[in-house]
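A.B. asks: Curious how this folds, go ahead:
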Amino acid sequence: IQKTRPQSLSFGLSDSPVGLASWILEKFKEWSDCNGDLESVFTKDELITNIMLYWITNSIGSSIRLYYETLAVMPNTDKETLKLMQTQVNIPTAIAMFPHEIYQLPRVLCKRTYVNLQRYVRYKSGGHFAPIECPDVFARDIIDFFVEMDSMRSKL
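C.D. replies: Numbering: from 1, shown residues only. The predicted model follows:
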């Protein structure tokens, strides 16, 4: 539905707090590394806060629309998306791949776009919501990348 009818979905979720909560909780359950038990990874406060941020700001529509626009489904975006996908990124890049992320991209595919790929790490746990699921691992990955970049720069 996110890829095909985001506006219809947006109206329904923006009109119903229960609908919004169930939609978001389902995504957390399916896209995280929780083995079906949300509370084994997230606290109730984290989940409620996430839902409330979407509800209070009425921003579920824009978050859903991103999938529609970036997956080249929206009319006239297929050429733009293809062009963007073929654009190479030359700045130093790091990729942290978590096993329950929605899209699993192999290193060789990442290197086609991120030609200056400096760091590619596959983690044993985590998913689409890695910064909340495993914040220590996520933060450590970012810190390690910048320490490595600083070390490389000082050697120049």
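A.B. asks: In the chain, where's the longest helix?
C.D. replies: helix 135-155 (DSSP state H).
A.B. asks: Show residues contacting it.
C.D. replies: Outside helix 135-155, the residues within contact range by C-beta atoms under 8 Å, 6 or more residues apart in numbering are 92, 94, 96, 118-119, 121, 123, 125-126, 130-131. Every C-beta, even on glycine, is put in place using the N, C-alpha and C of the backbone.
A.B. asks: Could you let me know which of the residues you listed ends up closest to residue 56?
C.D. replies: For residue 56, the closest of these turns out to be residue 131, at 20.5 Å, with distances computed as C-beta to C-beta.
A.B. asks: Please tell me how far the closest one sits from residue 138.
C.D. replies: Residue 131 sits at a distance of 5 Å from residue 138 (criterion: C-beta to C-beta, to the nearest Å).
A.B. asks: Settle it for me: which of these two has more neighbours?
C.D. replies: Neighbours of residue 131 and residue 138, each counted by other C-beta atoms under 10 Å, are more numerous for residue 138; the result is 18 against 12.
A.B. asks: That one and residue 125, how far apart?
C.D. replies: With distances defined as C-beta to C-beta, the gap from residue 138 to residue 125 amounts to 11 Å.
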